[in-house]
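Visitor: give me a 3D structure for the following:
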Amino acid sequence: MILEKTSSWLNLKTIAGLSRLLKRLCIHYKRGREYVHSPDLQYQKKLSRIELMRLRAFYAPKRYVFLYLDEFTFYRHPTVANAYEQAGHFQALAVRSYASNTHARILAAVNIMTGQVLWLQRSKINLRALTDFWYILHDHYTDAETIYVALDNWPVHFHPNVLAPLQKQIFLGQPPLPSNWSSEPSPKAQHDELPIQLLPLPTYASWLNPIEKLWRWLKQDILHLHRHSKNWPELKALVKAFLQQFDHGSSPLLRYIGLLPP
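Guide: This next block holds a predicted model:
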């Protein structure tokens, strides 16, 4: 072992001796995990503002709504994952088709008070899809004074055409946009002063968006090792049915994504 060869100062004679020493020191051989530290200089300020708006929704749910928003891509071909299978050389199979690996996109937002999920499934999420989604949110929460939407820093979220239908936004620093984008919406952009305020999460901090766990649930229940690669419409229908179970709210979902105490 490398550890044995590079730690001669331990004066260990055998692998078993090294194993016993590591056990006494409570050091175990573990699989690593991906890690990144958010470089956002506004990290704490953004979190404080998000927490303040969450409290507003908690204490005055008829006036304020708080949502976490995210996008997700799923594919025709199944993802590989662990599964129960007969002992021996048998393995669970991710059965692929001969068709191209078609994909679809989901845009969704979860209500932190009810667990209700509003969603949109499209072949791609573009400026039009996001703009349409603002109207879906507004039509659903017509009585809300303000709808707060926490979301990541994908530049499309802050495109001038996407912001145009909303009331004036209050950001902690202007979200970065590609240099080739205009700073003004196009003449065809809609302008309606919808009472929606976007709350950008700290950059490179996906763990702060609980709806990410909804995608994990979807993958575990539907997408891992599925048997529908030869029937793309059927797979999309299964994904639709999965999301529809949260159309009217869900305490189990809130518990699963960490927004409801166990």
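
Visitor: gap between the residue nearest to the spatial centre of the chain and residue 31?
Guide: Centroid check for the chain by C-alpha atoms, centre = their mean gives residue 212 as the closest residue, at 2.8 Å. Applying C-beta to C-beta, to the nearest Å, the value for residue 212 to residue 31 is 20 Å. C-betas here are computed from N, CA, C, even on glycine.

Visitor: can you check residue 249 too?
Guide: The value you get for residue 249 to residue 31, if C-beta to C-beta is used, is 37 Å.

Visitor: how is the chain carved up into domains?
Guide: Using automatic domain parsing, the domain parsing of the chain gives 1-30, 43-256.

Visitor: next, the distance between the ends of the longest one.
Guide: The stretch domain 43-256 measures 25 Å between its terminal residues, going by C-alpha to C-alpha, to the nearest Å.

Visitor: next one: it to chain centre, how far?
Guide: Between the centre of domain 43-256 and the centre of its chain there are 6 Å (C-alpha atoms, centre = their mean, to the nearest Å).

Visitor: check stretch 25-37 too.
Guide: 24 Å.

Visitor: how about residues contacting it?
Guide: Applying C-beta atoms under 8 Å, 6 or more residues apart in numbering, the external contacts of stretch 25-37 come out as 22, 204.

Visitor: quick one: average confidence on stretch 252-262?
Guide: What stretch 252-262 shows for mean pLDDT is 88.

Visitor: over to stretch 147-159?
Guide: Here the average pLDDT along stretch 147-159 is 96.

Visitor: quick revisit: thinking the residue nearest to the centre of the chain is in contact with residue 206, fair?
Guide: Yes. Counting by C-beta atoms under 8 Å, residue 212 touches residue 206, with 5.7 Å between them.

Visitor: coming back round to it: between residue 249 and residue 31, which has more neighbouring residues?
Guide: Using other C-beta atoms under 10 Å as the criterion, residue 249 and residue 31 rank with residue 249 on top: 14 against 4.
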